[in-house]
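Colleague: predicted model follows, preceded by the sequence.
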Amino acid sequence: MKNKQILTVLVALLFLCGTVATASAVNLTVDNTTTYAGDTTATVKITVDDPSEIAGAAFTITYDTAALGLIDIDSAFFDTFAKQNITPSSVTVDGITYDQPLLANDVTGTGTMVAAARVEAGETKTTLFTLTFNIAGAALGTYPVSIEQSVIDNVDAGYSATGEAIPYLVGADTDQVDLALAFPVIAATVTAGAVEVTDGARPYVKGDANEDGSINAGDAILILRYSVGLSTVSDAQKLACEVNNDGSINAGDAIQILRYSVGLSSTLD
């Protein structure tokens, strides 16, 4: 209940002023992700095609709450108070300490309402939020994940008692004196995504140990760290690490990747 009250206040601060001017439209996209045998969590990103004008976001993330459990919402876009040079670096409300202007509240049977803010617009990151779902109890299948407008019915915060759908995004124009113009509503479209739960083996690319889509020194570093017990890797990553086919993961694999990455070897075998 406390989170719900605080969330309502943050939403009100974000959107009561942002009701007149409209900035250019952006697309909110929920990623599609696939999980494999042995996975217990799924990571889903919510991204935008143009982040430059965004200073606030508020919406409801919808998903099958019986199959998926949202266990974490991370955001470097709406970063901590400290990283946004906001003082104090944390605030305590009703006994709960917050170090980031990001709040979430479960909506029974629907999903999770989220609201977050920045001091100013101008960020270049395109990922607004990274969601982590618990899929341990999910049956095999595809589970849609989408976004819909949050509906607020808090009269004290200026909303109708029958509920009002609030905008997904607002901007911040510090040159404007008029508050309604200073925090313009940003028109948004939504592209839904999904979590696909499978029992198949995770695919891998030989040499791409860190699974970032390229083969370079980063993969060699991970192999060296794993070989001395400083890092852990998945079963699929182990297959990607073992490039020289000697039956073990060691410095020899790291050397082979480095040679390949600088053109001294044309293959990873």
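Modeller: Yes, it's here.
Colleague: Thr97 contacts Pro88, correct?
Modeller: No: under the criterion of CB atoms under 8 Å, Thr97 makes no contact with Pro88, lying 10.6 Å away. From N, CA and C alone the C-beta is placed, and that goes for glycine too.
Colleague: who touches both of the two?
Modeller: Shared contacts of Thr97 and Pro88 (CB atoms under 8 Å, 6 or more residues apart in numbering): none.
Colleague: skipping adjacent residues, who's closest to Thr132 in space?
Modeller: Spatial nearest neighbour of Thr132, chain neighbours left out: Asp72 (4.1 Å); criterion: CB to CB, 6 or more residues apart in numbering.
Colleague: pLDDT wise, what is the one you found at?
Modeller: You'll see Asp72 listed with a pLDDT of 97.
Colleague: please apply the same query to Val20.
Modeller: In this model, Val20 is scored at 45, pLDDT.
Colleague: returning to what we had before: surely the residue nearest to Thr132 is within a strand?
Modeller: Yes: Asp72 forms part of a strand when assessed by DSSP: H, G, I helix; E, B strand; the rest coil.
Colleague: measure it to Asp94 for me?
Modeller: Relative to Asp94, Asp72 is positioned 22 Å away (criterion: CB to CB, to the nearest Å).
Colleague: please say which of the two ends up with more neighbours.
Modeller: Ranked by neighbour count (other CB atoms under 10 Å), Asp72 and Asp94 place Asp72 first, with 12 against 9.
Colleague: how close does the more buried one get to Val44?
Modeller: For Asp72, the distance to Val44 - CB to CB - is 11 Å.
Colleague: now for those two: what residues contact both?
Modeller: With CB under 8 Å, 6+ apart as the test, Asp72 and Val44 both reach Leu131.
Colleague: C-alpha coordinates for the host helix or strand of Arg225, CSV please?
Modeller: Secondary structure assignment for Arg225, by DSSP states H and E: helix 217-227. C-alpha atoms of helix 217-227 as CSV (Å, rounded to 0.1, in the frame of the first residue of the first chain):
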residue,chain,number,x,y,z
ALA,A,217,39.4,-9.8,-26.5
GLY,A,218,36.4,-9.7,-24.2
ASP,A,219,35.8,-13.4,-24.9
ALA,A,220,39.4,-14.3,-24.2
ILE,A,221,39.3,-12.4,-20.9
LEU,A,222,36.2,-14.3,-19.9
ILE,A,223,37.8,-17.6,-20.7
LEU,A,224,40.9,-16.7,-18.7
ARG,A,225,38.7,-15.6,-15.7
TYR,A,226,36.8,-18.9,-15.9
SER,A,227,39.9,-21.0,-16.1
